[in-house]
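Peer 1: Here is my input; please provide its structure:
(one chain, ligands or ions: 1)
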Amino acid sequence: MKYVSTRDKARQVDAAQAIVAGLSHEGGLYVPEDFPSFSADRIESMAGMTYAARAGEVLSAYLTDYTRQEIDECVAGAYAAERFGDDPAPLKAVGDMHVLELWHGPTHAFKDMALQMLPRLMTRAMKKTGVDQQVFILVATSGDTGKAALEGFCDVEGTQVGVFYPVDGVSPAQKLQMITQEGKNVHVCAVKGNFDDAQTGVKRIFGDDAFAKELAEKGYVLSSANSINWGRLVPQVAYYFSAYADLLKTGAIRMGQEVNFCVPTGNFGNILAAYYAKRMGLPVGRLVCASNANNVLFDFIEQGVYDANRPFHKTTSPSMDILVSSNLERLLFELCGRDDAQVSAWMQALRTGGEYTVDAGTRAALQESFSAGWAGDETALAAISRVNAECGYTMDPHTAVAWAVAEQYRKATGDARPMVIVSTASPYKFGRSVLTALEGAAAAEKLDEFACSDELERVSGLPMPRTLRELPTKKKRHNDVVEPASMPDEVRLWAK
Ligand SMILES: *Cc1c(COP(=O)(O)O)cnc(C)c1O
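Peer 2: Numbering: from 1, shown residues only. Model (predicted):
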């Protein structure tokens, strides 16, 4: 299977090349030239497989320049019990919803599902493509990607990893997770500004040919671990198949029955993977895109106008505080009939004026698969409290946004198909917000971040992950803070 750029279809590469490069040279994103198709029998057979085996099925259909043995080694390493416990992606019945928990990996956010795979795919891709330089992974993070990338690439031979996070845009636990990271090849720096500033800074570095040349002379080639990298996206397709297989296994559905997914969305990687699963033949009904107060995607799905010129809100679901959702470009490419010139024009309009409007055909195609909703902080925190009281289940604020939106969707449409809520973080990554939801602001205000987590453990009965419990005692190793304009200089310091 070949991959083409969303901005230049004539540009064809293998999966390994797409994974090493991250972004196509002219700024486009790599997408598969077509979608592998899974028969009903093949999907049904996944019910009897482990998560790693299910992931192996999906990945081998896309990564055809990897041997099946290489893929099996990658999935066995990535989803090993010492990293993810017995089940990397358990599906839980909660009230009248199903919750797909994707946060049982080393950093307790769903980013681990992909970022434990990416370094394994990347090192093999480097061999395949004959890269003899070190790969320098640059990441802009709204909180969870950074730590998951650090954990995934830490001490991986032939790689360096550098993470930029917005100085006041991540939770205290997220920040501590990153600045205490150990490892010989890891670099972390705060950026004055919000996530979009950090992401724009990283994109600018990727687009700077002179800078690339400078790094090449030092022996480095830049790559990305953000969800624009195909190697980040493809592992995510697997868990939609896994959720469906688990519904079959427990008898909640029959083969062929359609299931809806509601996904708390930021950069549009997670929900795009669900769309790819649908295109491969997974019986998916609607994909419900859930946003927080940064509801640019809600407006886009409803109206076909993407307008990033709006106030940026800091919310209790910071990993979704995003106004420019990079992976939407991949969806647009599919929806507009793979018209690379059209996609380039929209992205150009977004870059220069902060907005674009899609044609009626593209909008209709969008609304054929996607619905959208959004929930502000109050609504999300109320959902945490209600679901805890009614079902004894504790959600993090991102998952709670999806829960609230799924309820709104059901109420508005009467759609009674089974609904899977994609749960993206452990409640302990956002202990203060979750405790505030459960016990009220007064209870949480008296406590520091870590006392909040202790109290949350007492109230929720959910065991706190050990690595999060140990955080306050760890040494702070990475304390740099820079203006966005100085990000290239920081990378120069790292790439000695
Ligand atoms: C990254 C993240 C999201 C958003 O996922 P996208 O793929 O960027 O849409 C949602 N929730 C949590 C906890 C995250 O870390």
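Peer 1: Residue ranges of each domain in this protein, please.
Peer 2: Following automatic domain parsing, one gets these domains for the chain: 87-110+231-427, 428-464.
Peer 1: Just send these back as a markdown table, with distance to Tyr79 too.
Peer 2: Glycine gets a C-beta too; all of them are placed from N, C-alpha and C. A markdown table is the format used below for the domains of the chain (distance: least, C-beta to C-beta, whole Å):
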| stretch | distance to Tyr79 |
| --- | --- |
| domain 87-110+231-427 | 5 |
| domain 428-464 | 20 |
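Peer 1: Pick the most deeply packed of those domains.
Peer 2: Ranked by average neighbour count under the criterion mean count of other C-beta atoms under 10 Å, the domains of the chain are headed by domain 87-110+231-427 at a mean of 21.
Peer 1: Distance from the top helix by length along the chain to the middle of the chain?
Peer 2: Across the chain, the helix with the greatest residue count (assigned by DSSP state H) is helix 230-249. A distance of 13 Å separates the centroid of the chain from that of helix 230-249, by C-alpha atoms, centre = their mean, to the nearest Å.
Peer 1: Going along the chain from it, find the next helix or strand for me.
Peer 2: Read in the C-terminal direction, the helix or strand following helix 230-249 is strand 259-264, with elements assigned using DSSP states H and E.
Peer 1: how about that following strand, does it reach the ligand?
Peer 2: Yes: Strand 259-264 is in contact with the ligand by C-beta under 6 Å from any ligand atom, via Pro264.
Peer 1: Can you tell me what sits against that strand?
Peer 2: Applying C-beta atoms under 8 Å, 6 or more residues apart in numbering, the external contacts of strand 259-264 come out as 240, 243-244, 247, 253, 270-271, 274, 283-290, 317, 320, 398-399, 401-403, 405-406, 409, 415, 417-422, 424.
Peer 1: Now do the same for that strand: mean pLDDT, whole number.
Peer 2: Throughout strand 259-264, pLDDT has a mean value of 98.
Peer 1: quick one on the thing from earlier: of the domains of the chain, which shows the lowest average pLDDT?
Peer 2: Ranked on mean pLDDT, the bottom entry among these is domain 428-464, at a mean of 94.
Peer 1: And the ligand, is that one touching that?
Peer 2: No: counting by C-beta under 6 Å from any ligand atom, the ligand is not contacted by domain 428-464; separation bottoms out at 7.2 Å.
Peer 1: please begin residue numbering at 47 from this point
Peer 2: Will do, 47 is the new start, and the previous item becomes domain 474-510.
Peer 1: end-to-end on that domain?
Peer 2: Taking C-alpha to C-alpha, to the nearest Å, the first and last residues of domain 474-510 lie 7 Å apart.
Peer 1: Can you tell me which residues in the stretch 397-542 of the chain are near the ligand?
Peer 2: So the stretch 397-542 of the chain meets the ligand at His444, Thr470, Ala471 (C-beta under 6 Å from any ligand atom).
Peer 1: quick one: contacts for the first one?
Peer 2: Spelled out, that is His444. With C-beta under 8 Å, 6+ apart as the criterion, the residues that contact His444 are Pro310, Ser363, Ser365, Met366, Thr470, Ala471, Phe476.
Peer 1: mind running it again at 10 Å?
Peer 2: Applying C-beta atoms under 10 Å, 6 or more residues apart in numbering to His444 gives the contacts 149, 155-156, 190, 309-312, 336, 338, 361-366, 426, 468-471, 475-476.
Peer 1: Identify those among the residues you listed that sit within helices.
Peer 2: In this view, those that belong to helices under DSSP H are Asp190, Ala426.
Peer 1: list the buried ones in stretch 168-178?
Peer 2: Taking 16 or more other C-beta atoms under 10 Å as the neighbour-count basis, stretch 168-178 is seen to contain the buried residues Met168, Thr169, Arg170, Ala171, Met172, Lys174, Val177.
Peer 1: wait, isn't the second one in contact with Ile183?
Peer 2: What that stands for is Thr169. No: in this structure, Thr169 is not within contact of Ile183 by C-beta atoms under 10 Å, at 11.4 Å.
Peer 1: Give me the common contacts of those two.
Peer 2: Taking C-beta under 10 Å, 6+ apart as the contact rule, the neighbours common to Thr169 and Ile183 are Phe199, Val202, Thr205.
Peer 1: Tell me the spatial nearest neighbour of the first one, not counting adjacent residues.
Peer 2: Which is Phe199. Using C-beta to C-beta, 6 or more residues apart in numbering and skipping residues adjacent in sequence, the residue nearest Phe199 is Val207, 4.0 Å away.
Peer 1: Can you name the residues bridging to the one you found?
Peer 2: With DSSP bridges applied, Val207 shows beta-bridge pairing to Ile183, Val232.
Peer 1: dump the residue contacts of it.
Peer 2: Counting by C-beta under 10 Å, 6+ apart, Val207 makes contact with 165, 181-185, 192, 195-201, 227, 229, 231-234, 269, 271, 540.
Peer 1: who in the stretch 147-296 of the chain is up against the ligand?
Peer 2: By the rule C-beta under 6 Å from any ligand atom, the part of the stretch 147-296 of the chain lying against the ligand is Ala155, Phe156, Lys157, Asp190, Ser273.
Peer 1: between those residues, which is closest to the ligand?
Peer 2: In terms of C-beta to the nearest ligand atom, no member of these lies closer to the ligand than Asp190, at 3.2 Å.
Peer 1: what residue ranges in the stretch 147-296 of the chain score low on pLDDT?
Peer 2: Applying pLDDT under 70 to the stretch 147-296 of the chain flags no residue at all.
Peer 1: which residues in it form helices?
Peer 2: In the stretch 147-296 of the chain, the segments counted as helices under DSSP state H, counting those that start in this stretch are 157-161, 164-175, 190-199, 218-225, 241-252, 255-264, 276-295.
Peer 1: So Met168 is in contact with Ser269, correct?
Peer 2: Yes: taking contacts as C-beta under 10 Å, Met168 lies within contact range of Ser269: 7.2 Å.
Peer 1: hey, where'd the helices end up in the stretch 297-446 of the chain?
Peer 2: If you assign secondary structure with DSSP H, counting those that start in this stretch, the helices in the stretch 297-446 of the chain sit at 315-325, 342-349, 374-381, 386-399, 406-415, 423-437, 443-459.
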